[in-house]
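A.B. asks: Fold the following for me, if possible:
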Amino acid sequence: MVYLDNCATTSPKPDSVINAVSASLKKYSYNSGRGGYSEAVAAGSRVFSVRQSLADFLNCEPERVVFTQNCTLALNMAIKGLAEKGDHFIISSLEHNAVYRCVHSLYDEGLCTYDIAPFHFDADAQTREFEALIKPETKAIICTYSSNVFGCVLPVSKLGALAKKHGIKLVVDGAQGVGIFDIDMKRDNISVLCGAGHKGLYAPLAIGFLALNSDTELKPIIHGGTGSDSAKPYQPSFYPDRLEAGSLSNCLIDGLGAGLSFVKARGVDRIYSHELKLCEYIYDSLAYYYDAKLYTSYPKPDLSAPVLSFNIKDYSSEKTASLLAEKGIAVRGGLHCAVLAHKCFDTLETGTVRLCPSVFTTEAQADFFIKSVKKL
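C.D. replies: Numbers count the residues shown, from 1 in each chain. Below you'll find the model as predicted:
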């Protein structure tokens, strides 16, 4: 199979990740932070080592790295953990439903209001769109690092500076950014960064994280056991326990640590360069194919994630994806859980066929994909 659905989850996983999960199940399948015996202590030490590595990678404090089930849960924890009655949020017109539905649910409940900043390819124009929507009651800007449908990158560092200027928070959906771009929470003034381990960090499914800058506090939205302050009827005030209720998955966290080590060893810049070059190559071929429709300009370094959306002839996106699947090519057709992005690019009726290479994708596979598309 030629796998080009890496926006959904990267595949294959590195051998080091597979080995780490297997070894963890054998050696560290104990409840970290819940016992004083040596095995539980050792499991807790491994969890902390991954927490420390991720903190170093993102430039934040290790105790402010919180492990979650996925990026969607992390975003819900961040948004609902910030929200108070009467707050106002600003999101972009490219947001995944993990942001859009979360913010809209607060609106439906009468707790908060929100506005949507129109997308601009120009970073300064985009920043002005967000600034124009800031009100006295604005609590935060919430935005994706890059679109999971069209690969458009938002000017996160400029938005961080804007948020700091106005004394509000910046919450970033890093599902399509962490492991692909150089992200520094302090440099970019990111208050909360939410990430998915199973995408750009090549970890297993069902492990994500939330990282907090030192000037940001969240109220917990999940309550339960932490192994600390157990006699009290409320969550601990300190991190990560404040937000980490319930047992952690040591084996998945070990997998995340191995994926992070893989990315660091390969180099974020090298991985990004490889993936973007493949997108450029495919874009060039589709741009000269009269039956293909593309929705963005030629991919540009730092302005484009390695993601392309297209359609072929008058086929529905699902039909094209299905025909390619018959040829052994895995891409995704539809709305990709991002209705706002499709409204923005006027593809709500058709959806798009989306492709995303990974560090393991080869030029020969790209060639096979291009030839297959032209035979549809």
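
A.B. asks: after the helix or strand of the chain with the lowest mean pLDDT comes which helix or strand?
C.D. replies: Lowest by mean pLDDT, DSSP states H and E among the helices and strands of the chain is helix 38-58, with a mean of 93. Going down the chain from helix 38-58, the next helix or strand is strand 65-68, by DSSP states H and E.

A.B. asks: same for the following helix or strand past that following strand, what does it pack against?
C.D. replies: Note on strand 65-68: by DSSP H and E, the next helix or strand toward the C-terminus is helix 71-82. Contact analysis of helix 71-82 by 3 or more Cβ pairs under 8 Å, 6 or more residues apart in numbering; DSSP states H and E lists strand 65-68, helix 97-108, strand 138-144, strand 169-173, strand 192-196, strand 208-212 as its packing neighbours. Just so you know, the C-beta spots here come from the backbone N, C-alpha and C atoms, and that holds for glycine as well.

A.B. asks: what does helix 71-82 contact?
C.D. replies: The contact list for helix 71-82 (Cβ atoms under 8 Å, 6 or more residues apart in numbering) reads 66, 68, 89, 98-99, 102-103, 106, 139-140, 142, 169, 171, 173-175, 192, 194-196, 208-210, 216, 218-222, 243.

A.B. asks: By neighbour count, sort out the buried ones in those.
C.D. replies: Neighbour-count burial (16 or more other Cβ atoms under 10 Å) applied to the contacts of helix 71-82 gives 66, 68, 89, 98-99, 102-103, 106, 139-140, 142, 169, 171, 173-175, 192, 194-196, 208-210, 216, 218, 220-221, 243.

A.B. asks: doesn't Tyr239 fall inside a strand?
C.D. replies: No: Tyr239: not assigned to a strand; according to DSSP: H, G, I helix; E, B strand; the rest coil it is coil.

A.B. asks: Quick check: it vs Ser228, distance?
C.D. replies: Separation of Tyr239 from Ser228 (Cβ to Cβ, to the nearest Å): 11 Å.

A.B. asks: With neighbour numbers in mind, choose between these two.
C.D. replies: Tyr239 (17 against 14; other Cβ atoms under 10 Å).

A.B. asks: Return the distance of the more buried one relative to Val65.
C.D. replies: From Tyr239 to Val65 the distance is 9 Å (Cβ to Cβ).

A.B. asks: what does Asp346 give?
C.D. replies: Taken as Cβ to Cβ, the span from Asp346 to Val65 is 39 Å.

A.B. asks: Counting neighbours, go ahead and name the busier of these two.
C.D. replies: Val65 (26 against 9).

A.B. asks: bridging residues for the more buried one?
C.D. replies: Here Val65 sits in beta bridges with Ala211, going by DSSP bridges.

A.B. asks: residue contacts, the closest residue to Val263 other than its chain neighbours?
C.D. replies: Ranked by Cβ to Cβ, 6 or more residues apart in numbering and with sequence neighbours excluded, the top spatial neighbour of Val263 is Gly179, at 5.0 Å. Counting by Cβ under 8 Å, 6+ apart, Gly179 touches Lys199, Gly200, Leu201, Tyr202, Gly259, Leu260, Val263, Val268, Ile271.

A.B. asks: Please repeat the previous calculation with a cut-off of 10 Å.
C.D. replies: Neighbouring residues of Gly179 by Cβ atoms under 10 Å, 6 or more residues apart in numbering: 10, 57, 195-197, 199-203, 259-260, 262-264, 266, 268, 271-272, 359.

A.B. asks: same deal with Ser273?
C.D. replies: Contacts of Ser273 by Cβ under 10 Å, 6+ apart are Gly267, Pro301, Pro306.

A.B. asks: Is it in a helix, a strand, or coil?
C.D. replies: helix.

A.B. asks: mind checking how far the residue nearest the centre of the chain is from Asn6?
C.D. replies: In the chain, the C-alpha nearest the mean C-alpha coordinate belongs to Ala175, at 0.5 Å (Cα atoms, centre = their mean). From Ala175 over to Asn6 the distance is 12 Å, taken as Cβ to Cβ.

A.B. asks: Between those two, which contacts overlap?
C.D. replies: Lys199, Gly200.

A.B. asks: and the residue lying closest to Ser16 once chain neighbours are set aside, what pLDDT?
C.D. replies: By the measure of Cβ to Cβ, 6+ apart, the closest residue to Ser16 outside its immediate chain neighbours is Ala258, 4.8 Å from it. Note on Ala258: pLDDT of 98.

A.B. asks: Helix 38-58 and the helix or strand harbouring Ala258, what's the angle between them?
C.D. replies: Using DSSP H and E, Ala258 maps to helix 250-266. Relative orientation of helix 250-266 versus helix 38-58 (axes from the mean of the first three to the mean of the last three Cα atoms, to 10 degrees): 40 degrees.

A.B. asks: Can you point out the buried residues in helix 250-266?
C.D. replies: Going by neighbour count (16+ other Cβ under 10 Å), the buried part of helix 250-266 is 250-263.

A.B. asks: can you redo these as JSON lines with distance to Ser32?
C.D. replies: Listed next are those as JSON lines, based on distance: Cβ to Cβ, whole Å:
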{"residue": "Asn250", "distance to Ser32": "6"}
{"residue": "Cys251", "distance to Ser32": "11"}
{"residue": "Leu252", "distance to Ser32": "12"}
{"residue": "Ile253", "distance to Ser32": "9"}
{"residue": "Asp254", "distance to Ser32": "11"}
{"residue": "Gly255", "distance to Ser32": "15"}
{"residue": "Leu256", "distance to Ser32": "14"}
{"residue": "Gly257", "distance to Ser32": "13"}
{"residue": "Ala258", "distance to Ser32": "17"}
{"residue": "Gly259", "distance to Ser32": "19"}
{"residue": "Leu260", "distance to Ser32": "18"}
{"residue": "Ser261", "distance to Ser32": "19"}
{"residue": "Phe262", "distance to Ser32": "23"}
{"residue": "Val263", "distance to Ser32": "24"}
